[in-house]
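# here you go, sequence then predicted model.
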Amino acid sequence: MKYLIISAAVLSVSLLSCTKETPKVKHASHMDSSGKKIENVQVVNEEDPVCHMKTAGSIKDTVVYKNKTYGFCSVYCKGEFKKNPEKYAQK
C-alpha cells in the first residue's frame, strides 16, 4: 500500500513539474489596432511571441527589439512584449 501511495505522489509531482506555462491572453475584438493588417513587413517570427497565435498574413502591429522586427496579433500582445522583451524575444 505504501508503494502505491509513494508511486502516485512521485508521478503527480513529475507530471505537474512538466506542465508548460500557457499565456493568459484572451483575444477580443477591442485588442486589434486598427483592424487592418500590416503588409510587406519582414518579421523574425511566424507566431505572436506572447500568445503564440499564428501571425503569418495577419500582423496587426510590430516592434523592433535588438535590430529585429517582431510582429504581433494585437496592440495588447505588443504591450506585453514591451514590458519584458527578454522573456519573449527569439534567442
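Okay, I see it. Residues are numbered from 1 along each chain as shown.
# okay, and residue 87 sits in which element?
Element membership for residue 87 (DSSP states H and E) is helix 85-88.
# what pLDDT, on average, does that helix get?
For helix 85-88, mean pLDDT is 94.
# check stretch 44-54 too.
Per-residue scores along stretch 44-54 average to 92.
# pull up the distance across that stretch, start to finish.
Here the two ends of stretch 44-54 are set 13 Å apart, with distance taken as Cα to Cα, to the nearest Å.
# ok, back up a step: how about residues contacting the helix holding residue 87?
Residues from elsewhere that reach helix 85-88 (Cβ atoms under 8 Å, 6 or more residues apart in numbering): 49, 50, 65, 70, 80, 81. Any C-beta I mention is one placed from the backbone N, CA and C, and that applies to glycine too.
# switch the cut-off to 6 Å
49, 50, 65, 81 (Cβ atoms under 6 Å, 6 or more residues apart in numbering).
# just flag the most distant two among the residues you listed.
Greatest spatial distance among the contacts of helix 85-88 (Cβ to Cβ): 50 and 65, at 12.7 Å.
# tell me how far residue 41 lies from residue 83.
22 Å (Cβ to Cβ, to the nearest Å).
# show me the helices in this structure, by range?
2-17, 75-83, 85-88 (DSSP state H).
# weakest of these in terms of mean pLDDT?
helix 2-17 (a mean of 60).
# thinking again about what came up before, name the member of the contacts of helix 85-88 with the shortest distance to residue 56.
Using Cβ to Cβ, residue 49 is the member of these that lies nearest residue 56, at 13.6 Å.
# which ones are touching residue 73?
By Cβ under 6 Å, 6+ apart, the contact set of residue 73 is 48, 53, 55, 60.
# leaving out the residues flanking it, which one is nearest to the first one?
Same thing as residue 48. residue 73 (4.6 Å; Cβ to Cβ, 6 or more residues apart in numbering).
# distance between the ends of stretch 68-81?
Start-to-end, stretch 68-81 (Cα to Cα) is 13 Å.
# return the set of buried residues in that stretch.
70, 71, 72, 73, 74, 76, 77, 78, 80, 81 (16 or more other Cβ atoms under 10 Å).
# pLDDT score assigned to the first one?
If you check residue 70, the pLDDT there is 94.
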